[in-house]
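Q: For reference, the sequence and a predicted model appear below.
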Amino acid sequence: MGAQLRVYRQRIRSAQTTKKVTRAMELISASRIQKAQARMAASGPYSRAVTRAVSAVATFSNVDHVLTTEPESIDRAAIVLFTSDRGLNGAFSSNVLKAGEELATLLRSQGKEVVYYLVGRKAAAYFTFRQRGSEQSWTGNTDQPEFATAKEIGDAVVSKFLTDSAEGGVDEIHVVYNRFISMVTQTPEVVRLLPLEVVEGIEQPEENAILPLYEFEPDPENVLDALLPVYIESRLFNAMLQSAASEHAARQKAMKAASDNADTLIRDYTRLANNARQSEITQQISEIVGGADALSSAKKH
Amino acid sequence: MAALTVNVVSADQQVWSGEAAQVTARTVEGEIGILPGHEPLLAVLASGQVRVRQAGGAVVEATAEDGFLSVENDTVTIVARNAALV
């Protein structure tokens, strides 16, 4: 066998092995998206109920709460970045990091200091590599987030938010995550978490409508105190679930592209190998014919 | 008599939902019973049991930790970080 042919066969084998791996990863991701989507749907009632409750207090009482009022001056802002633990999912993590950088540039141009909270090994690696500090980071199981992690993050950011900015607290909290729109579309989303902007599900009372008189137990301040951390947690948990579903979808897409590319490579190399084999055979035949010709013409003379 | 629509939800799932005649829960200030026609209410729950009495007299019991109880237009929502049927 010719050397050229052997090289081609080797490349074909290598592409086939890669394809087996990427195909397997694609199938695993495809099956996990279903589960991630189901979890997203299952957490829906909770976040809807919490959001409704928050909007009820915000609309039907006139308490001034530290979490809802806009501070006079914002010195420091926190950004929570949700990335993945593992790669091989296309631009999933870099999209979030890019959106985070843009947000940080914007905030800095407004004269705010930026501190980071990182979720996912990719974000942590990105920051370590550039030797940039972060306030805190959480790694491990970004593809199957647990509520306990959301609670930890919530506790950390809310306590930081309640600290005075002179003592290292923050005045604003933003989150950046990949929003799951469909199996093929996931877009990085930037949301300001605190001070509170209840956007979803808010029911603006009509001009002359008589507002239902809400009763709060024990009192509006205490209810808000207890409710807002829960609201933040549920928003964070929602972001984590969205991010997990997006991660699987992005990985499935990336691995599908890789498998398709492997197919193309295998086809191209097979053609080249066939070419090489054919030309080898042709050469051998012409050598034999040429040799026989030379022999028979030598006999005549 | 009008009935209450009750939803019990925890962080990761809907635990129970259905119609009920009465809901009893423990808030930080004490036991509270809710019948149809109750005024809008938002209360912080103490950890403990929530009892939902259905129209037929059957009782559904659930535990709720770190939760809230909201009542609005005969809709009772019990939201808790951890909630489970007993």
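A: Cool, the structure landed. Because the structure is a prediction, the values reported are computed rather than measured.
Q: backbone phi and psi for the residue in chain B that chain A sits nearest to, please?
A: Using C-beta to the nearest C-beta, the closest approach of chain B to chain A is made by residue B:43 at 3.7 Å. Where C-beta positions appear, they are placed from N, C-alpha and C, glycine not excepted. Main-chain torsions, residue B:43, degrees, to the nearest 10: phi -130, psi 150.
Q: Now do the contacts for the closest residue to it other than its chain neighbours.
A: Leaving out its chain neighbours, the residue that sits closest to residue B:43 by C-beta to C-beta, 6 or more residues apart in numbering or on different chains is residue A:217, at 3.7 Å. Contacts for residue A:217 were tallied using C-beta atoms under 8 Å, 6 or more residues apart in numbering or on different chains; they are A:223, B:27-29, B:32, B:41-44.
Q: Pull out the buried residues from those residues.
A: Using 16 or more other C-beta atoms under 10 Å in any protein chain shown as the burial test, the contacts of residue A:217 include A:223, B:27, B:32, B:41-44 as buried.
Q: Just to check, residue B:3 is in contact with residue B:23?
A: No - here residue B:3 lies out of contact with residue B:23, judged by C-beta atoms under 8 Å, at a distance of 11.0 Å.
Q: Phi, psi for the residue of the stretch 201-301 of chain A found nearest chain B please.
A: As assessed by C-beta to the nearest C-beta, chain B sits closest to residue A:217 within the stretch 201-301 of chain A, at 3.7 Å. Per-residue torsions, residue A:217: phi -130, psi 120 (degrees, to the nearest 10).
Q: How about residue A:168?
A: Torsion angles, degrees, to the nearest 10, at residue A:168: phi 90, psi 10.
Q: ok, now which ones touch it?
A: Counting by C-beta under 8 Å, 6+ apart, residue A:168 has contacts A:76, A:160.
Q: what about residue A:274, how many neighbours?
A: Counted with other C-beta atoms under 10 Å in any protein chain shown, the neighbours of residue A:274 add up to 12.
Q: Hmm, I typed the wrong one, I wanted residue A:260.
A: With other C-beta under 10 Å as criterion, residue A:260 counts 12.
Q: how near is it to residue A:253?
A: Remark: distance between residue A:260 and residue A:253 (C-beta to C-beta, to the nearest Å) = 11 Å.
Q: do the same with residue A:131
A: Residue A:131 is 32 Å from residue A:253, by C-beta to C-beta.
Q: ok, those two, which is more surrounded?
A: Legend: neighbour count by other C-beta under 10 Å for residue A:131 and residue A:253, higher for residue A:253 (19 against 6).
Q: Now the more buried one. Nearest residue, chain neighbours left out?
A: residue A:90 (6.3 Å).
Q: What is the neighbour count of residue A:27?
A: By the other C-beta under 10 Å criterion, the neighbourhood of residue A:27 contains 13 residues.
Q: could you say which helix or strand contains it?
A: Residue A:27 belongs to helix A:3-42 when assigned by DSSP states H and E.
Q: Which strands or helices does that helix pack on?
A: Judged by 3 or more C-beta pairs under 8 Å, 6 or more residues apart in numbering or on different chains; DSSP states H and E, the packing partners of helix A:3-42 are helix A:220-300.
Q: So for the helix it packs on, mean pLDDT?
A: Helix A:220-300 comes out with an average pLDDT of 92.
Q: how big is the angle separating that helix from helix A:3-42?
A: Helix A:220-300 runs at 160 degrees relative to helix A:3-42, counting by axes from the mean of the first three to the mean of the last three C-alpha atoms, to 10 degrees.
Q: Please compute how far helix A:220-300 lies from its chain's middle.
A: Computed by C-alpha atoms, centre = their mean, to the nearest Å, the chain-centroid distance of helix A:220-300 equals 22 Å.
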